[in-house]
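1. model this:
(one chain, ligands or ions: 1)
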Amino acid sequence: MVNKVDWSEWYDMTRLQPPNKLLVEALLYVKNTGKVIDIGGGALRDTRHLLQRGFDVTVIDKNSLLEKEALKIKNKRLHPIVTSFEDFQFPINEYVLALAIQSLSYCDFTHFDRVIKNIKLSLKKGGIFCGQIYDEYGQEPKSLHKTYKTVEEVKEYLKDMEIILFQEEETEKGRTKHWRIYNFIARK
Ligand SMILES: C[S@@+](CC[C@H](N)C(=O)[O-])C[C@H]1O[C@@H](n2cnc3c(N)ncnc32)[C@H](O)[C@@H]1O
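-> Numbers count the residues shown, from 1 in each chain. Predicted coordinates:
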């Protein structure tokens, strides 16, 4: 799939930010270092943290800027793959952590269920799935998201896992566009 969205401004804004709080929390539940996957890694702010913590990090992102971002890091434990979530062949029983920060809702809705299933299959037993899925309400200016899910639907995706954290967060208060973000950390 060809990426037509220009993420460069977002990447410049986030590259050197500290890791996402949800990831920091999730790492409390990852007992050993091992292989992790950063799904839609963007400018690699979370990947940088994972590498510093000793993990072997596969990053998938359909934006070809990923290669440029990865070159800035130069680490043998970093494996960038330019691919879409929809096309990536997730391995089975591979990762101790699957991370998806601000990314899953960009997955095409017709592939969404399969992608979530594959992410869960890619985890080792005891592995952690840490991510965010969006819902929306309010008026609809243009949005890049392709898939929104209700709280019930998100919980359904996680029903075969142990839920460690589930939080609802609202964004864009006071504007016409609202998103509700479901933050979750779950163990296989
Ligand atoms: C909002 S950014 C989040 C980046 C990073 N996770 C962070 O928190 O800084 C979303 C990322 O998902 C990637 N992306 C969007 N749709 C995708 C898809 N279908 N397959 C793979 N990557 C995708 C974009 O290229 C972008 O890097």
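
2. C-alpha from now on. contacts and neighbour counts both.
-> Will do.

3. near the ligand, which residues of the chain show up?
-> 14, 40-43, 61-63, 83-85, 101-103, 106-107 (C-alpha under 6 Å from any ligand atom).

4. packing partners of the lengthiest helix in the chain?
-> Assignment by DSSP state H gives helix 109-122 as the longest helix of the chain. The contact analysis (3 or more C-alpha pairs under 8 Å, 6 or more residues apart in numbering; DSSP states H and E) places helix 109-122 against no helix or strand.

5. what's downstream of it, the next helix or strand?
-> Counting by DSSP states H and E, the element after helix 109-122 in chain order, helix or strand, is strand 123-138.

6. give me the buried positions along the following helix or strand past that following strand.
-> Helices and strands here follow DSSP H and E; after strand 123-138, the next one along the chain is helix 151-157. Judged by neighbour count using 16 or more other C-alpha atoms under 10 Å, the buried positions of helix 151-157 are 151, 154-155.

7. and for stretch 29-38?
-> In stretch 29-38, counting by 16+ other C-alpha under 10 Å, buried: 29, 33, 35-38.

8. start and end of it, how far apart?
-> Criterion C-alpha to C-alpha, to the nearest Å; first-to-last residue distance in stretch 29-38 is 17 Å.

9. again, but for stretch 88-106
-> 14 Å.

10. what comes up buried for that stretch?
-> 90, 94-106.

11. how far is stretch 83-93 from where the chain is centred?
-> 13 Å (C-alpha atoms, centre = their mean, to the nearest Å).

12. what's it in contact with?
-> Stretch 83-93 is contacted from outside by 1, 39-40, 60-63, 107-108, 111-112, 115, 118-119, 121-125, using C-alpha atoms under 8 Å, 6 or more residues apart in numbering.

13. which of those are buried?
-> Buried, going by 16+ other C-alpha under 10 Å: 39-40, 60-63, 107-108, 112, 115, 118-119, 121-124, out of these.
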